[in-house]
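A.B. asks: the sequence and its predicted three-dimensional model are supplied below.
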Amino acid sequence: MEKPMEILQLLTTRRSEKRLSEPAPNEEQLKQIFQAALNVPDHGRLHPYRFIIIEGKGLNKFKTLLQAAVEEFELGEEALKKAENLAHRAPMVIGVVAKIKKDIPKVPGWEQMLSAGCATYAIQLAANAQGFANVWISGKWVNGNALRKAFSCEEYDQVIGLVMLGTAEEKNEREKKIQNIEDFVSYL
Ligand SMILES: Cc1cc2nc3c(=O)[nH]c(=O)nc-3n(C[C@H](O)[C@H](O)[C@H](O)COP(=O)(O)O)c2cc1C
């Protein structure tokens, strides 16, 4: 490990940012982000994740997919506005799909889902490490049929995240999240 203190600094101070503008990661920076995602713990080397990059004109298509989910689930006018805002909240979105195989006895679905979750977190950290801000969003629209189809989801797949990526408009200064480690950690 080259610079352990810097890594710890990132892990212990990371924060999400919801107000994001240009620039988003470029091709080289995205490669680093996906290399991080592809190196998470992965039982059976199943690579149970797929990533969909949404930027430029893709963001308009993304908006129609979110709006389709609002209609499909009858979420109402407010959700429609929320969908529109979400599609224009960041210059880039990475959709993360957990690719779940049901027929692998040694690696149940929950393990595959966790691997995909780790990959999503790795995307966030690798983006942070390169100076980009982000937030992991889900919402009811992740189950929308049109979105699932656009993300090439098969029957047991789950869209687990829409990672909004860009540059922080204003730095979100908040206190460290965990106040009392003792509330969460014990010895056997
Ligand atoms: C699986 C998952 C789904 C999430 N979905 C949403 C969401 O739809 N909307 C939202 O505002 N935050 C969502 N969050 C929480 C944010 O990503 C973020 O963690 C939260 O706002 C706390 O900020 P922090 O990461 O700076 O502590 C989700 C987090 C996870 C892990």
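C.D. replies: Perfect, thanks for sending it.
A.B. asks: how much space between the residue nearest in space to the middle of the chain and residue 100?
C.D. replies: When the chain is reduced to its mean C-alpha position, the nearest residue by CA atoms, centre = their mean turns out to be residue 163, at 3.5 Å. With distances defined as CB to CB, to the nearest Å, the gap from residue 163 to residue 100 amounts to 19 Å. Any C-beta I mention is one placed from the backbone N, CA and C, and that applies to glycine too.
A.B. asks: which strands or helices does the lengthiest strand in the chain pack on?
C.D. replies: As assigned by DSSP state E, the longest strand anywhere in the chain is strand 158-168. The contact analysis (3 or more CB pairs under 8 Å, 6 or more residues apart in numbering; DSSP states H and E) places strand 158-168 against strand 20-21, strand 92-98, helix 109-129, strand 133-137.
A.B. asks: does the ligand sit close to the helix or strand that the last one is followed by?
C.D. replies: In other words, strand 133-137. Once the chain leaves strand 133-137, the next helix or strand it forms, by DSSP states H and E, is helix 145-150. No. On the criterion CB under 6 Å from any ligand atom, helix 145-150 is out of touch with the ligand, staying 13.6 Å away.
A.B. asks: how about the residues of this protein that lie near the ligand?
C.D. replies: Contact residues, the chain versus the ligand (CB under 6 Å from any ligand atom): 15-16, 135-139, 161, 177.
A.B. asks: among the residues you listed, the buried ones, what's the PyMOL command?
C.D. replies: This is the PyMOL syntax for the buried subset of the residues of the chain next to the ligand, where burial follows 16 or more other CB atoms under 10 Å:
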select buried, resi 16+135+136+137+139+161
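A.B. asks: JSON lines please, covering the residues of the chain next to the ligand and showing distance to residue 38.
C.D. replies: Supplementary listing: the residues of the chain next to the ligand in JSON lines, determined by distance: CB to CB, whole Å:
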{"residue": "15", "distance to residue 38": "25"}
{"residue": "16", "distance to residue 38": "22"}
{"residue": "135", "distance to residue 38": "22"}
{"residue": "136", "distance to residue 38": "18"}
{"residue": "137", "distance to residue 38": "22"}
{"residue": "138", "distance to residue 38": "22"}
{"residue": "139", "distance to residue 38": "26"}
{"residue": "161", "distance to residue 38": "16"}
{"residue": "177", "distance to residue 38": "27"}
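A.B. asks: and of the residues of the chain next to the ligand, the nearest to residue 30?
C.D. replies: Set against residue 30, the nearest of the residues of the chain next to the ligand by CB to CB is residue 161 (16.0 Å).
A.B. asks: pretty sure the closest one contacts residue 118?
C.D. replies: No. Between residue 161 and residue 118 no contact is recorded; they are 11.5 Å apart, counting by CB atoms under 8 Å.
A.B. asks: fine by me, thanks again.
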